[in-house]
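In: Below: sequence and its predicted model.
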Amino acid sequence: LISDGRSAFERVLHVRAPLADRLRRVYLRAAGRGYLGTLALVTAPILAVPLLLSGNGIAAGAAVLIAILALLPASDLAIALVNWEVTHVLGPRALPRLDLDKGVPSRLRTLVVVPTLLTDEADVEAQVGGLEIHYLANRDGDIRFALLSDWLDAPSENIPGDDELLSAAVAAIDRLNERHGEAPGGGARFLIFHRKRRWNEAEGCWMGWERKRGKLEELNALLRGAATTGILTTGLSASTPPTGVRYVVTLDADTRLPMGAVGRLVGTIAHPLNQATFDTRTGRVTQGYGVLQPRITSTLPAEHGGSIFQRVYSGSAGIDPYASAVSDVYQDLLQEGSYTGKGIYDVDAFSAAMADLVPENALLSHDLFEGVFARAGLVTDIELFDEFPSNYLVSTVRQHRWARGDWQLLPWILGRARDANGRRRGDSMPGIARWKMVDNLRRTLSRSEEHTSELQSRQYL
């Protein structure tokens with residue numbers, strides 16, 4: 001009724017769908033080409049307006065210049081109109097979900113990880129305290145919680161204070177394990193996986209290999225028994241990876257997990273219709289989802305907390321967040337969302353999709369890229385909360401980092417990228433994936449959008 005078998009089932013029953021439904025299905029069967037074609041058709045008349053208003057006697061060169069200058073704002077308007085109409089016609093389609101009413105079973109064992117940097121002891125205590133809060137809100141079933149940490153970049157492999165910071169983090173994790181006991185199925189409930197520094201010639205410093213992307217890649221290898229990762233092994237139970245971990249939930253340090261959010265994420269990605277199928281020919285997940293991205297909402301600033309910038313630009317945070325699912329044009333139209341770095345992924349499918357895919361020092365912004373190959377699904381009826389940037393400069397630095405990462409994807413857009421082994425891999429991406437990357441580049445060039453819409457386009461698209 002809700003998947004690929006519906007049309008065949010209707011034929012068996014001799015059902016004749018209404019004309020509107022048949023037209024909608026025709027459009028959905030060629031959704032990628034139809035969407036891009038519709039954008040082109042809507043952009044053209046919008047772009048024609050400034051050319052017509054410029055008069056008949058305008059020189060050809062001037063007309064071309066006007067068209068180029070008008071293209072970005074015309075595309076902004078066209079995309080807004082098409083996206084609104086698509087989501088209005090289709091409406092949100094929630095992914096099916098298992099009801100894990102008795103908690104996450106051990107066969108679906110899940111690890112919640114927070115990639116972080118060890119900066120000082122106060123920050124370490126805050127990060128460990130955040131892990132405890134995540135646990136108290138999501139304590140049903142076999143769920144483990146871990147810090148995935150690096151030291152700060154340094155001019156040498158080890159600097160004074162490193163060992164003290166790591167010892168403080170391990171001691172704090174040990175206290176949590178003593179307080180809350182073992183996890184279901186045995187072993188430590190709270191863990192810490194810390195990486196040693198490596199020399200990076202391109203950066204000219206000692207640092208954690210490939211930063212956050214490297215953290216998750218090495219964690220996945222560790223969970224599958226690899227003994228050659230950069231993660232330090234202390235022999236303690238709090239640094240011994242649990243066996244049989246099927247899913248990983250990755251969060252930022254300032255992300256807040258609502259009650260039961262982990263169980264709902266696991267129930268969604270574990271549903272038979274959502275389980276990932278990896279295609280060895282294309283090197284991508286082609287059926288189901290290797291990663292699920294929940295909706296991300298900014299937290300509501302406290303009455304006497306937060307800056308004026310947060311209060312003005314953070315949006316409608318905290319207003320009825322669980323009322324319903326939210327439309328997203330890519331998920332509703334193509335059954336495929338965009339990954340923004342916080343969510344749940346299938347360890348085996350994600351590892352297979354990303355194996356030797358990216359050369360070192362090649363990608364700063366990797367979330368959208370990973371979502372293309374692991375196939376990301378958007379679950380807008382599950383919501384996580386992030387703190388909004390505290391001031392304009394923090395927000396600008398974040399957007400600058402995003403823009404740099406977007407332009408680093410240009411070789412993949414052009415089909416000229418090579419993987420970690422030097423093989424050409426740019427042609428393995430579908431057209432709609434290239435469009436997502438091009439659309440991000442378009443937004444980096446367009447400064448007509450409001451500040452809030454730029455941030456939300458990152459969070460929701």
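Out: Yep, that arrived. None of these values were measured; they are calculated from a predicted model.

In: What are the buried residues along the longest strand anywhere in the chain?
Out: Counting by DSSP state E, the longest strand found in the chain is strand 376-386. Buried residues in strand 376-386, counting neighbours by 16 or more other C-beta atoms under 10 Å, are found at 376, 377, 378, 379, 380, 381, 382, 383, 384, 385, 386. Heads up, the C-betas are built off the backbone N, CA and C, glycines and all.

In: Give me the helices and strands touching that strand, please.
Out: Applying 3 or more C-beta pairs under 8 Å, 6 or more residues apart in numbering; DSSP states H and E, one finds that strand 376-386 contacts helix 261-269, strand 291-298, helix 329-334.

In: how about these in TSV, adding mean pLDDT?
Out: Output for the helices and strands packed on strand 376-386, formatted as TSV (pLDDT from 0 to 100):
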stretch	mean pLDDT
helix 261-269	97
strand 291-298	91
helix 329-334	88
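
In: So, low pLDDT: which residues of the stretch 101-250 of the chain?
Out: 234-235 (pLDDT under 70).

In: Show the pLDDT at residue 19.
Out: With respect to pLDDT, residue 19 has a value of 90.

In: mind checking how far it is from residue 212?
Out: Between residue 19 and residue 212 the computed distance is 49 Å (C-beta to C-beta, to the nearest Å).

In: Could you list the residues in contact with stretch 197-217?
Out: 113, 115, 148, 150-151, 153-158, 195, 218, 230, 248, 250, 341, 351, 354, 358, 360-361, 363, 366, 370 (C-beta atoms under 8 Å, 6 or more residues apart in numbering).

In: Now, the residues you listed that are in strands?
Out: Per DSSP E, the subset of the contacts of stretch 197-217 in strands is 113, 115, 148, 150, 151, 248, 250.

In: From residue 379, how far out is the last one?
Out: Which is residue 250. For residue 250 relative to residue 379 (C-beta to C-beta), the value is 15 Å.

In: cool, and the first one?
Out: For residue 113, the distance to residue 379 (C-beta to C-beta) stands at 19 Å.

In: What of the third one?
Out: For residue 148, the distance to residue 379 under the criterion C-beta to C-beta works out to 23 Å.

In: hang on, the earlier thing: now, the contacts of stretch 197-217 that are in helices?
Out: Mapping the contacts of stretch 197-217 onto helices (DSSP state H) picks out 218, 351, 354, 370.

In: which one of these sits closest to residue 88?
Out: Using C-beta to C-beta, residue 370 is the member of those that sits closest to residue 88, with 30.2 Å.

In: Residue 273 is in contact with residue 3, isn't it?
Out: Yes. Counting by C-beta atoms under 8 Å, residue 3 is a contact partner of residue 273 at 5.4 Å.

In: So which of the two has more stuff around it?
Out: Higher neighbour count among residue 273 and residue 3: residue 273, with 14 against 9, using other C-beta atoms under 10 Å.

In: Now do that one, the pLDDT please.
Out: pLDDT, residue 273: 95.

In: Is it within a helix or a strand, and which one?
Out: Here residue 273 sits in a region with no helix or strand, counting by DSSP states H and E.

In: Can you report how many residues lie near residue 190?
Out: Applying other C-beta under 10 Å, we find 25 residues neighbouring residue 190.

In: can you pull the contacts of it?
Out: When contacts are counted by C-beta under 8 Å, 6+ apart, residue 190 touches 128, 131, 132, 135, 144, 145, 146, 173, 176, 177, 180, 238.

In: what's the closest non-adjacent residue to the second one?
Out: Nearest-residue entry for residue 131: residue 145, 4.7 Å, with adjacent residues in sequence omitted and distances by C-beta to C-beta, 6 or more residues apart in numbering.

In: Just give me the neighbour total for the one you found.
Out: Residue 145 has 31 nearby residues by other C-beta under 10 Å.

In: cool, and the one 5 residues further on?
Out: When neighbours are defined as other C-beta under 10 Å, residue 150 has 21 of them.

In: That one contacts residue 118, correct?
Out: Yes. Counting by C-beta under 8 Å, residue 150 touches residue 118, with 7.2 Å between them.

In: between those two, what contacts are shared?
Out: Both residue 150 and residue 118 are contacted by residue 194, under the criterion C-beta under 8 Å, 6+ apart.

In: most residues in a single helix of this protein, which one?
Out: Counting residues, the longest helix found in the chain (DSSP H) is helix 60-90.

In: quick one, helices of the stretch 1-150 of the chain?
Out: Secondary structure of the stretch 1-150 of the chain by DSSP state H, counting those that start in this stretch: the helices cover 6-12, 19-29, 31-53, 60-90, 121-137.
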